[in-house]
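**Student:** Dropping the sequence and predicted coords here.
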Amino acid sequence: MTESRFELIYPNPSLPDCKFPNLVCGFPGSGYVGKLAVDHLIHELSARHLVDIYSNTFPPQVLIKPDGTVDLIRNAIFYHESQISPSLNMMFLTGDSQPSNPDAEYLLAETILEIASRFSVLHVYALAAYVTGVFVQKPRVFCTASDMESLKDINTHDIAVMDGGAITGMNGLIVGLTKLKGMKGTCLLGETSGYVVDAKASRSLLEVLTSRLRVKISMDALDARAKDTEKLIKTVEQQMGQASGGRFEGGEQTPQTNPRNTGYIS
């Protein structure tokens, strides 16, 4: 087996003085729920580029940019230094892909948390997807955390606490590893069908997160993307209805509040 390797490229050799930020992670997964939410935060807060993470465990391909040039698959960390209070400092992890094997997932999570520790990150938030297989008008938000204090801090009547099952991939792993690194971690999962890129689920996550972190951003761009999602959903529903002889019915489905023995695809 080829050894997993990670290379860190810092575009600016002078590191920022961004102490005690919250780290918000959005790895690509079902519905791109977490990644879309984090990319929106990066854009709206004009976050600055800190580091790129390259690895031979990412898919062997390049992404073509609008100007015609290419970039290797990567993960990247950005940062936002608040002009109001250091308590509002934030870091963001976004990525083009998750690693291709479990060993590499652990190594990537540890690499990210090592970078986070350099800036004295105390709390890591992972934004993920709660896949139900059905379309809903108002996606719910589920949560779990590394400790009871973090769970109580995030828990409100609008959020369902998970008490069973598993969170697969990087979104679950990085929250679990915070317990070994002297940090705290919280995973927020937006309800999604898993069939389309789901901006509505991403918006639901951001409503919870920005309220918790006292960050104000515009949701206009995400709302516009959500409208495109709704059009796509209608097309998918029509196609599923035709495939099932007209028996498919779209609409709301209330997820289990006691989701035992369930696998969560994040």
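**Tutor:** Yep, it's here.

**Student:** How about Val131: what's its closest non-neighbour residue?
**Tutor:** Gly194 (4.0 Å; CB to CB, 6 or more residues apart in numbering). (C-beta placed from N, C-alpha, C; glycine too.)

**Student:** Would you confirm that the one you found contacts Ala128?
**Tutor:** No. Using CB atoms under 8 Å, Gly194 makes no contact with Ala128, being 11.8 Å away.

**Student:** Roughly how far does Val38 sit from Gln238?
**Tutor:** Going from Val38 to Gln238 by CB to CB, to the nearest Å gives 32 Å.

**Student:** hmm, back to that, looking at Gly194 and Ala128, which one has more neighbours?
**Tutor:** Shown here are Gly194 and Ala128; by other CB atoms under 10 Å, Ala128 has more neighbours (34 against 17).

**Student:** Against Val38, how distant is that one?
**Tutor:** Here the distance between Ala128 and Val38 works out to 11 Å (CB to CB).

**Student:** Need the residues touching each of the two.
**Tutor:** Taking CB atoms under 8 Å, 6 or more residues apart in numbering as the contact criterion, no residue touches both Ala128 and Val38.

**Student:** Would you mind naming the helix or strand containing the residue nearest to Val131?
**Tutor:** Counting by DSSP states H and E, Gly194 is held by no secondary-structure element, helix or strand.

**Student:** what sits against it?
**Tutor:** The neighbours of Gly194, taking CB under 8 Å, 6+ apart as the test, are Ser30, Gly31, Ala129, Val131, Thr132, Gly133, Ile265.

**Student:** at 10 Å instead, please
**Tutor:** Applying CB atoms under 10 Å, 6 or more residues apart in numbering, we find Gly194 in contact with Gly29, Ser30, Gly31, Val33, Ala129, Tyr130, Val131, Thr132, Gly133, Val134, Ala201, Ile265.

**Student:** for the record, mean pLDDT for stretch 83-102?
**Tutor:** Here stretch 83-102 scores 92 as its mean pLDDT.
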